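S.K.: just need the structure, nothing else, for what follows:
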Amino acid sequence: MLKRVYLAPDELTAITLREMLKSVDITAVIQRFETTWLDGLPRVMKGGWGEVLVDEADVEDAEQHIQRFLEESDKS
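M.R.: The predicted structure is shown next:
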């Protein structure tokens, strides 16, 4: 079963985190909330653009990698 490890504010962030997780051998997928015909409503209702999902067994490792990655990005 897939579990959310990150609520992405935008598509670029979601793709970047998915690829970073892939680089450490964690398979991740993106579930996009946005649809063209709703014009931003899902972002308002769900609090983000979409979510990064991983297998339930990888949740803890994925969250740690994401946290480290985001902390390093903030330092730059």
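
S.K.: and the helix or strand containing residue 6, which strands flank it?
M.R.: Secondary structure from DSSP states H and E places residue 6 in strand 2-8. Sheet pairing for strand 2-8, assigned by DSSP bridges, gives strand 50-55 (antiparallel).

S.K.: let me see the contact set for the nearest residue to residue 18 once chain neighbours are set aside.
M.R.: Spatial nearest neighbour of residue 18, excluding adjacent residues (C-beta to C-beta, 6 or more residues apart in numbering): residue 28 at 4.5 Å. For the C-beta atoms, the positions are set from N, CA and C on the backbone; glycine is no exception. By C-beta atoms under 8 Å, 6 or more residues apart in numbering, the contact set of residue 28 is 5, 17-18, 21-22, 52-54, 62.

S.K.: the helices in this structure, which residues?
M.R.: For the chain, helices defined by DSSP state H occupy the ranges 11-23, 41-46, 59-75.

S.K.: most tightly packed of these?
M.R.: Among the helices of the chain, helix 11-23 has the highest mean neighbour count (mean count of other C-beta atoms under 10 Å), at a mean of 16.

S.K.: tilt between it and strand 2-8?
M.R.: Put simply, helix 11-23 runs at 130 degrees to strand 2-8, going by axes from the mean of the first three to the mean of the last three C-alpha atoms, to 10 degrees.
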